[in-house]
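Asker: quick one, what's the 3D model for this:
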Amino acid sequence: MLLAYPCHVFAQSKESAHLLTDSLRSTSVQIDKIFIIGFKKTKEHIIRRELSIIDGQYLSRAELEEAIIADKRKLVNTSLFLSVDINVIELSEDKVDIIIRVSERWYFFPIPIFNLADRNLQNGG
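Answerer: Alright, predicted model coming up:
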């Protein structure tokens, strides 16, 4: 099935294109840096490959909020971390930093050690 929608195409002058980008820029923010804190065993590139946001990316504020929720869910679903917190720090009106704080799972297992309290079992009494 093929659907066609009628639409009008208008030519843009340089002034209207400039106004359009200025209005988009005020509603969008640039991700300046992404900081990841709290990992020791997990490599940073493993964490970054789960993220849909990257340094220098422009997103609207609504898209940024949705991306943060989705990325937090993705990081928790890897089962590498006990908790994941993602915070946004506004540097200016159109620039933000993102801080991702993770708490890694512990991968050691307790092994019981049995020692006899009385070494001399022959002289029972």
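
Asker: what helices and strands are in contact with the helix or strand where Glu66 lies?
Answerer: For Glu66, the host element (DSSP states H and E) is helix 61-77. With contacts defined as 3 or more Cβ pairs under 8 Å, 6 or more residues apart in numbering; DSSP states H and E, the packing partners of helix 61-77 are strand 28-37, strand 81-92, strand 95-104. Using the backbone N, CA and C atoms, a C-beta is placed for each residue, glycine as well.

Asker: repeat that with 7 Å
Answerer: When contacts are defined as 3 or more Cβ pairs under 7 Å, 6 or more residues apart in numbering; DSSP states H and E, helix 61-77 packs onto strand 81-92.

Asker: in the strand it packs on, which residues are buried?
Answerer: By 16 or more other Cβ atoms under 10 Å, the buried positions in strand 81-92 come out as 81, 84, 86.

Asker: closest to Val96 among these?
Answerer: The closest of those to Val96 turns out to be Ile86 (Cβ to Cβ; 11.5 Å).

Asker: ok, now which ones touch that closest one?
Answerer: Taking Cβ atoms under 7 Å, 6 or more residues apart in numbering, we find Ile86 in contact with 68, 71-72, 98, 100.

Asker: buried subset of these as a ChimeraX selection?
Answerer: Of those, the buried ones go into a single ChimeraX selection, burial set by 16+ other Cβ under 10 Å:
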select :68,71,72,98,100
